[in-house]
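Asker: Got a predicted model here, sequence first, then my questions.
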2 protein chains.
Amino acid sequence: MILIGERINAGFKDIANAIRTKDPTAVEKWAVAQAEAGATYLDVNIGAASRDPADMAWLVETVQKAVPTKISVDSTKIEAIEAGLDAIDGRGVLVNSTTADPGKLEKIIPLAVKHEAMLLGLAMDERGSPQNVERRVENGAMVFMAATEAGIPPERIVLDPILMPIKFMQEQVPNVLEAIEQYTHLSDPPPHISVGLSNIGSKTAERGRIVRTFLVMAMARGLDAAILDVCDEETIAAVATAELMLNQEIYSDSYIRAFRIKAGGSA
Amino acid sequence: MILIGERINAGFKDIANAIRTKDPTAVEKWAVAQAEAGATYLDVNIGAASRDPADMAWLVETVQKAVPTKISVDSTKIEAIEAGLDAIDGRGVLVNSTTADPGKLEKIIPLAVKHEAMLLGLAMDERGSPQNVERRVENGAMVFMAATEAGIPPERIVLDPILMPIKFMQEQVPNVLEAIEQYTHLSDPPPHISVGLSNIGSKTAERGRIVRTFLVMAMARGLDAAILDVCDEETIAAVATAELMLNQEIYSDSYIRAFRIKAGGSA
């Protein structure tokens, strides 16, 4: 499972303040905490707090000084992605994200090629978010084809079918599960498949239970990546248990501890 | 979800004692507790404690006096199943179980037809338990075809792919998930699909977590029934949450309480 830590995002007040004041303390704290918790990538997002691509470069550099973990450069702005990629010190990097919009694909894909990056493609297009299985599959296939034609192999492509809040768009949740399974048939080996996990629990009373139940159900259908709160111990235990069910981890009575050690270097 | 309460089974000492002494107290207690917790069927099993079919009749009658819940008559012995079915007072009943062994099918299927019962078929045959996906699918299809040829419609057939303890047969767990999905393609509408859920957690240190994670992952692949501990509140919450994800229950902040009221009449 590819675990992308969500916490270094200017949507959180401490990160927005860090970017504004260039005080690295909160960024370093979350870089270390998420790396120890088992993050494969640390997502880095300057959000609406900044329009300055140099802020993305600062955020990437600050994280790189704190931990050796790979980085997910996350922005809707192409200039911010470019600045983030230029700041990468040679470690692995994920471009987060393109959509299926042709105008976006033609700008983002060359960046992923140039930096030998993983590329995450959202199943959105010029018309916005998908409201059914078909649009999710069409948009995912569009990203997949454009990326492979540019020479990016399936194992460097990550498709995201767009998970929505169950409280407001419940009928979309089974559509996401179905799209995940259909993505697994795009190629052999298939692309990776990810969701922005926290979205589903937005404004719900049983947030943790809803997030974790969706996560393991999606893993049963082929999900193998997620942008999530890696510092939530119950979520990591859910991932470890689901990997056990899929025979991806060997059973031992202390399999959760073994998973944490392997993922993060600490238990 | 069809929830089959596992607790009235002579494998438990209090039920074995009740059968031996004909003291109905423990049987009544578990009948009421499981019915209130949301059981669709109460499994009734005289186990190895008795060779006397009259004991099955007594157990069925004792449960029927306590609650109006439907009954799953569970035995490997044909005479015990027959005695249980003859004791049913007209309420719904499930024959638990046949295997794909032709000698067994030809005796059990006519009983299910005669009593207009649901029929649960285990994906086992004369050679024993299945060790791969193919044998599970072959045996399930064998039961399905024999039952439908005898006039039992798909919605009265329940297939069980044979869940095994993850601690000892981990490689079989993904095979069970795959067999579940393949059963959903047998017909339209598909047969019901069930497992003996508690088996997977046998001798594990994280029993509850393992049982519930498998349950919701299997529901993501098409499982819609289980023989389980319905009195475990976390298990029922997991079922309610998985049904939410599949859009089978409508979201509300108190969806777990709503599920319990609907299933068991109490919250």
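Answerer: Received, thanks.
Asker: For chain A, which segments are assigned as helices?
Answerer: Assigned by DSSP state H, chain A shows helices spanning A:13-21, A:25-37, A:53-66, A:78-87, A:102-114, A:133-149, A:172-183, A:207-221, A:233-245, A:255-264.
Asker: Can you add distance to chain B, mean pLDDT and mean neighbour count and give those back as CSV?
Answerer: Any C-beta I mention is one placed from the backbone N, CA and C, and that applies to glycine too. Written out in CSV, the entries for the helices of chain A read as follows (distance: least, CB to the nearest CB, whole Å; pLDDT from 0 to 100; neighbours: other CB atoms under 10 Å in any protein chain shown):
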stretch, distance to chain B, mean pLDDT, mean neighbour count
helix A:13-21, 26, 97, 16
helix A:25-37, 18, 97, 20
helix A:53-66, 32, 98, 21
helix A:78-87, 32, 98, 21
helix A:102-114, 30, 98, 17
helix A:133-149, 13, 98, 20
helix A:172-183, 5, 98, 23
helix A:207-221, 4, 98, 24
helix A:233-245, 4, 98, 21
helix A:255-264, 7, 91, 18
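Asker: Turn those helices into CSV, including distance to A:I4.
Answerer: Formatted as CSV, the entries for the helices of chain A read as follows, by distance: least, CB to CB, whole Å:
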stretch, distance to A:I4
helix A:13-21, 16
helix A:25-37, 9
helix A:53-66, 13
helix A:78-87, 14
helix A:102-114, 16
helix A:133-149, 17
helix A:172-183, 16
helix A:207-221, 13
helix A:233-245, 12
helix A:255-264, 13
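Asker: closest one to B:D52 among those helices?
Answerer: Evaluated with CB to CB, the helices of chain A place helix A:233-245 nearest to B:D52, the distance being 40.0 Å.
Asker: Run through who's touching the closest one.
Answerer: Contacts of helix A:233-245 from elsewhere in the structure, counted by CB atoms under 8 Å, 6 or more residues apart in numbering or on different chains, are A:1, A:3, A:37-38, A:208, A:211-212, A:215-216, A:219-220, A:228-230, A:249, A:251, A:255-256, A:259-260, A:263, B:166, B:170, B:173-174, B:177, B:206, B:209-210, B:213-214, B:217.
Asker: One more: stretch A:45-62?
Answerer: A:8-11, A:15-16, A:18-20, A:22, A:24, A:27-28, A:31, A:44, A:71, A:73-75, A:77, A:79-84, A:86-88.
Asker: and that stretch, how far from the chain's centre?
Answerer: Here stretch A:45-62 shows a centroid-to-chain-centroid distance of 18 Å under the convention CA atoms, centre = their mean, to the nearest Å.
Asker: now that we're looking at the closest residue to A:R212 other than its chain neighbours, how far away is B:P189 from it?
Answerer: Excluding its sequence neighbours, the residue lying closest to A:R212 (CB to CB, 6 or more residues apart in numbering or on different chains) is A:A238, at 4.3 Å. Using CB to CB, to the nearest Å, we find A:A238 at a distance of 31 Å from B:P189.
Asker: repeat for A:I200
Answerer: Using CB to CB, we find A:I200 at a distance of 28 Å from B:P189.
Asker: Same check on A:R257?
Answerer: To B:P189, A:R257 is 44 Å away according to CB to CB.
Asker: again with A:V44
Answerer: 48 Å.
Asker: higher neighbour count, these two?
Answerer: For A:V44 and B:P189, the more surrounded residue by other CB atoms under 10 Å in any protein chain shown is A:V44, and the numbers stand at 29 against 10.
Asker: residues in contact with that one?
Answerer: A:8-9, A:56, A:59-60, A:63, A:71-74, A:84.
Asker: before we move on, back to that, closest one to A:D125 among the helices of chain A?
Answerer: If you check each of the helices of chain A against A:D125 by CB to CB, helix A:133-149 wins as the nearest, at 5.4 Å.
Asker: Okay, angle between that closest one and helix A:172-183 too, please.
Answerer: On the basis of axes from the mean of the first three to the mean of the last three CA atoms, to 10 degrees, helix A:133-149 is oriented at 40 degrees to helix A:172-183.
Asker: neighbours around A:E155, how many?
Answerer: When neighbours are defined as other CB under 10 Å, A:E155 has 12 of them.
Asker: Show residues contacting stretch A:67-82.
Answerer: Stretch A:67-82 has contacts (CB under 8 Å, 6+ apart) with A:4, A:9, A:31-32, A:34-35, A:39-46, A:51, A:53, A:55-56, A:60, A:63-64, A:84-85, A:88, A:91-97, A:104, A:107-108, A:111, A:120, A:227.
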